[in-house]
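In: Only the shape, not the letters, is given here:
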């Protein structure tokens, strides 16, 4: 295990295009830190700079207390798992896992022991003699992870490793990665654009936007207390309802936000009168997509047995203690400064 520290990091590509702006980040030893954000926010570039695959324009990177800013990737005590599995198709699983150790001339018995340990950890014991073409996508990804594990690195770096898998495999691999982190107690830095992956895997989420850190903290801290409008709209599934205009001004804000599960629903009375457009029945939950005359479209989370149909009228009342408010610059306003309108906005 090793901590990772980035100090005043900038990255500028030819043509004077700056993609990382004066960024500071400390990754705790043994943590599972997820870098998340939309495409083009700089998260993969940042990971590649930690790995040594991209040069740093300005600033310093240290791993385990050692300055590695200009060090070669092989000298950084890291192992990287990519989106593509990059397995050798003519080699067995066992040979793929121990390939790097063979290049490093690790003794035969030590290689065998490490491959066996990794296979046991990743449930690959029955697959060691198979070729990659005989494996599922999830099994191939586990082989790629096994190849990283046998290196015994100080830091694991993951670059969107699940994006090529179907939904069911992604869900299963999320659980397996979380369990792997618990068993190894290793430092992991993980890049994804999927906020569901970030919420379910991370000890610490780093939300990036346009080459800067927008906010970082535990998953639930970001969920309950987004510091900016960007984080409020990015973290959470389904997304937070964001409302501007005259309704927000009634609360003394430029924008207010309320999560779909924090709207009280009535068929008789409430602050906002709405008409149901579509209802998605998902089993335990139902999502109602509604239009409110004074506000516009909103999403409401309901129990799965809710009896609603398109065209029904609903009255919604936001739970004021769970409402989020932002100023014109998209910065969070403290709730104690807000005004609470009592009249219906229907």
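Out: Looks like it came in fine. Small disclaimer: the values here were computed from a predicted structure and weren't measured.

In: List the neighbours of stretch 264-283 that are in contact with it.
Out: When contacts are defined by C-beta atoms under 8 Å, 6 or more residues apart in numbering, stretch 264-283 is touched by residues 286-295, 297-298, 300, 302, 304, 306, 308-319, 341, 344-346. Where you see a C-beta, it was placed from the backbone N, CA and C, and this is true even at glycine.

In: Buried ones from those residues, can you make that a ChimeraX selection?
Out: This is how ChimeraX selects the buried members of those, with burial counted by 16 or more other C-beta atoms under 10 Å:
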select :286,287,288,289,290,292,294,295,298,300,302,308,314,315,316,317,318,345,346
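
In: OK, contacts around residue 132?
Out: Going by C-beta under 8 Å, 6+ apart, the list of residues near residue 132 reads 85, 87, 88, 89, 91, 93, 96, 140, 143.

In: no no, residue 210
Out: For residue 210, the residues meeting the contact criterion (C-beta under 8 Å, 6+ apart) are 21, 40, 41, 42.

In: If we use 10 Å, what do you get?
Out: Under the criterion of C-beta atoms under 10 Å, 6 or more residues apart in numbering, the contact partners of residue 210 comprise 18, 19, 20, 21, 37, 38, 40, 41, 42, 230.

In: which among the residues you listed end up buried?
Out: Of all these considered here, the ones buried according to neighbour count by 16+ other C-beta under 10 Å are 19, 20, 37, 41, 42, 230.

In: Got the domain ranges for the protein?
Out: 4-230, 238-337 (automatic domain parsing).

In: Looking at those, which one is packed in the most?
Out: For the domains of the chain, the largest average neighbour count (mean count of other C-beta atoms under 10 Å) is found in domain 4-230, namely a mean of 18.

In: now the helices for the stretch 51-200 of the chain?
Out: 93-103, 108-121, 137-149, 167-184, 195-201 (DSSP state H, counting those that start in this stretch).

In: Contacts for the fourth one, please.
Out: Read it as helix 167-184. By C-beta under 10 Å, 6+ apart, the residues outside helix 167-184 that reach it are 1, 30-32, 81, 121-123, 136-139, 141-142, 145, 149, 152, 156, 158, 161-165, 186-188, 190, 194, 196-197, 200-203.

In: Among the contacts of residue 132, which one lies nearest to residue 222?
Out: For the contacts of residue 132, the minimum distance to residue 222 (C-beta to C-beta) is 30.6 Å, reached by residue 85.

In: thinking again about what came up before, would you list the contacts of residue 132 in CSV and tack on pLDDT and distance to residue 172?
Out: Rendered in CSV, the data for the contacts of residue 132 read as follows (pLDDT from 0 to 100; distance: C-beta to C-beta, whole Å):
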residue, pLDDT, distance to residue 172
85, 75, 16
87, 88, 19
88, 90, 25
89, 92, 24
91, 93, 25
93, 94, 19
96, 93, 21
140, 89, 14
143, 91, 15
